[in-house]
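Engineer: Sequence first, predicted model second:
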Amino acid sequence: MPPLKPAPAQRRSPDSRVERTSRAPGRQTQRPRSTQGKAPRNGTPESRISGAHVPGSGAPERRTSQHGARPAAGASRPAAGNAAIPPEGERLNKYLARTGVCSRREADDWISRGWVHINGKPVVMGQKVLPGDRVEVKRAATQQQAGQVTILLNKPVGYVSGQAEDGYRPAVTLIRPENQWQGDTSGRRFDRAHLRGLAAAGRLDIDSVGLLVLTQDGRVARQLIGEDAEATKEYLVRVRYGRIEREVEAAFPRERLQLLRHGLSLDGKALKPAQVSWQNPEQLRFVLQEGRHRQIRRMCELVGLTVTGLKRIRMGRVTLGQLPPGQWRYLRADEDF
């Protein structure tokens with residue numbers, strides 16, 4: 001395979017190369033799995049949430065930017081404007097997840113530990129929150145949440161994003177002290193507790209490389225791959241067109257490129273519009289806001305392209321940058337998806 005040709009300056013990105021990848025025949029790629037939830041990280045003695053503004057609290061309303069940025073945590077505050085509770089009420093765990101305080105799984109854990117109160121009283125599993133109720137999350141919960149980590153890995157070929165399968169090792173096995181990037185400026189030191197509950201938020205196929213987000217924080221997963229996730233993901237994709245491996249851009253029909261941008265369906269459901277452009281004559285750049293199973297490879301197959309290499313270089317506002325293959329770093333406190 002010849003090396004990639006440099007793209008014109010206006011079409012290049014910091015991560016402008018993707019290698020051809022392959023794997024042994026008969027191996028299966030991993031199936032996607034969704035997780036959920038994200039919210040502020042640290043806390044004061046207690047955090048308060050209500051379905052209406054708390055008079056005199058002095059706390060600003062929780063706001064989420066178009067990029068999903070989190071507000072300062074822990075202050076007494078009302079729920080977000082879109083957190084209106086229906087008259088019949090809403091299950092507390094769902095409410096906490098929807099308002100970005102935690103994931104449903106975390107909410108259930110907090111409720112079982114007595115860390116969530118409604119109107120000053122401990123709640124029970126399955127309890128609903130009603131309009132006008134005041135929900136309080138105790139400091140112990142926010143302290144636990146503050147200790148959760150998110151790890152960025154440059155996944156190489158041959159590792160699965162989730163649990164081991166078909167003889168392939170899970171990507172989490174690369175999270176070892178000796179593989180931590182020397183350029184990590186997070187200030188965190190590796191602790192084996194950081195591996196507990198660590199899960200991929202947005203998977204990469206065995207054949208694919210690049211940015212893999214592993215997190216203990218269900219809020220991060222929800223922000224990246226939840227049903228209401230707005231974070232986009234960027235990929236560099238090397239392709240061939242039939243037997244054509246060089247100067248693919250010149251041979252590929254423009255109307256088919258337009259189909260990649262909008263007009264395709266997978267599994268009977270129309271795909272959301274995507275940004276697709278040529279990075280160089282053999283490589284496409286995809287920006288997606290959804291993540292179907294092997295989506296890019298299947299999209300390309302529908303228009304006659306074969307993917308020979310795929311690299312994810314960005315999730316939300318966090319980029320792969322200079323992180324070397326097989327190495328990892330912690331998400332910094334000043335970074336947000």
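Structural biologist: Nice, I can see it.
Engineer: Quick one, grab the pLDDT at the residue lying closest to Gly326 once chain neighbours are set aside.
Structural biologist: Excluding the flanking residues, the one nearest Gly326 by C-beta to C-beta, 6 or more residues apart in numbering is Pro156, at 5.1 Å. Bear in mind the C-beta positions are built from the backbone N, C-alpha and C, glycine included. In this prediction, Pro156 carries a pLDDT score of 97.
Engineer: Distance-wise, check Pro156 relative to Asp133.
Structural biologist: 49 Å (C-beta to C-beta, to the nearest Å).
Engineer: what does Ala193 give?
Structural biologist: To Asp133, Ala193 is 34 Å away according to C-beta to C-beta.
Engineer: who has more neighbours, those two?
Structural biologist: With neighbours defined as other C-beta atoms under 10 Å, Ala193 and Asp133 compare such that Asp133 has more, 18 against 10.
Engineer: Quick one: residues contacting the spatially closest residue to the more buried one that is not a sequence neighbour.
Structural biologist: Leaving aside its sequence neighbours, Asp133 sits nearest to Ile118 (C-beta to C-beta, 6+ apart; 5.2 Å). Listed by C-beta atoms under 8 Å, 6 or more residues apart in numbering, the contact partners of Ile118 are Leu92, Gln127, Val129, Asp133, Arg134, Val135, Glu136.
Engineer: Of the residues you listed, which is the nearest to Ile225?
Structural biologist: Leu92 (23.2 Å; C-beta to C-beta).
Engineer: didn't that closest one look like it was pressed against Ile111?
Structural biologist: Yes: using C-beta atoms under 8 Å, Leu92 makes contact with Ile111 at a distance of 6.7 Å.
Engineer: circling back: next, the residue nearest to Gly326: phi, psi?
Structural biologist: phi -90, psi 170 (degrees, to the nearest 10).
Engineer: can you tell me how far it sits from Trp328?
Structural biologist: 11 Å.
Engineer: between those two, which one's more packed in?
Structural biologist: Trp328 (23 against 17).
Engineer: Have a look at Leu92 and Ile111 and say which one is more surrounded.
Structural biologist: Between Leu92 and Ile111, counted using other C-beta under 10 Å, the more crowded position is Leu92 (24 against 21).
Engineer: contacting residues for the more buried one?
Structural biologist: Counting by C-beta under 8 Å, 6+ apart, Leu92 makes contact with Ala107, Ile111, Val116, Ile118, Val123, Gln127, Lys128, Val129, Val135.
Engineer: List just the nearest of the residues you listed to Gln216.
Structural biologist: Ala107 (15.4 Å).
Engineer: Where do the strands of the stretch 201-337 of the chain begin and end?
Structural biologist: According to DSSP state E, counting those that start in this stretch, the stretch 201-337 of the chain carries its strands in the segments 209-215, 233-241, 265-266, 269-270, 275-280, 283-288, 305-315, 318-319, 328-330.
Engineer: Which elements pack onto the second one?
Structural biologist: Based on contacts counted as 3 or more C-beta pairs under 8 Å, 6 or more residues apart in numbering; DSSP states H and E, the elements that strand 233-241 packs against are helix 248-251, strand 283-288, helix 295-302, strand 305-315.
Engineer: Could you check how far that strand is from the centre of its chain?
Structural biologist: Relative to its chain's centre, strand 233-241 lies at 19 Å (C-alpha atoms, centre = their mean, to the nearest Å).
Engineer: Give me the mean pLDDT for it.
Structural biologist: For strand 233-241, the per-residue pLDDT averages 98.
Engineer: and the angle from it to strand 209-215?
Structural biologist: Angle of strand 233-241 versus strand 209-215, following axes from the mean of the first three to the mean of the last three C-alpha atoms, to 10 degrees, is 150 degrees.
Engineer: Helix or strand next in line after the helix or strand bottoming out on mean pLDDT in the chain, which one?
Structural biologist: Lowest by mean pLDDT, DSSP states H and E among the helices and strands of the chain is strand 46-50, with a mean of 50. Using DSSP states H and E, the helix or strand that follows strand 46-50 towards the C-terminus is strand 90-91.
Engineer: can you list contacts of that next one?
Structural biologist: Counting by C-beta under 8 Å, 6+ apart, Arg98, Gly126, Gln127, Lys128, Val129 sit against strand 90-91.
Engineer: export the residues you listed to TSV and tack on pLDDT?
Structural biologist: Output for the contacts of strand 90-91, formatted as TSV (pLDDT from 0 to 100):
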residue	pLDDT
Arg98	85
Gly126	91
Gln127	92
Lys128	93
Val129	93
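Engineer: so which of these is the most crowded?
Structural biologist: For the contacts of strand 90-91, neighbours tallied by other C-beta under 10 Å; top is Val129, 25 neighbours.
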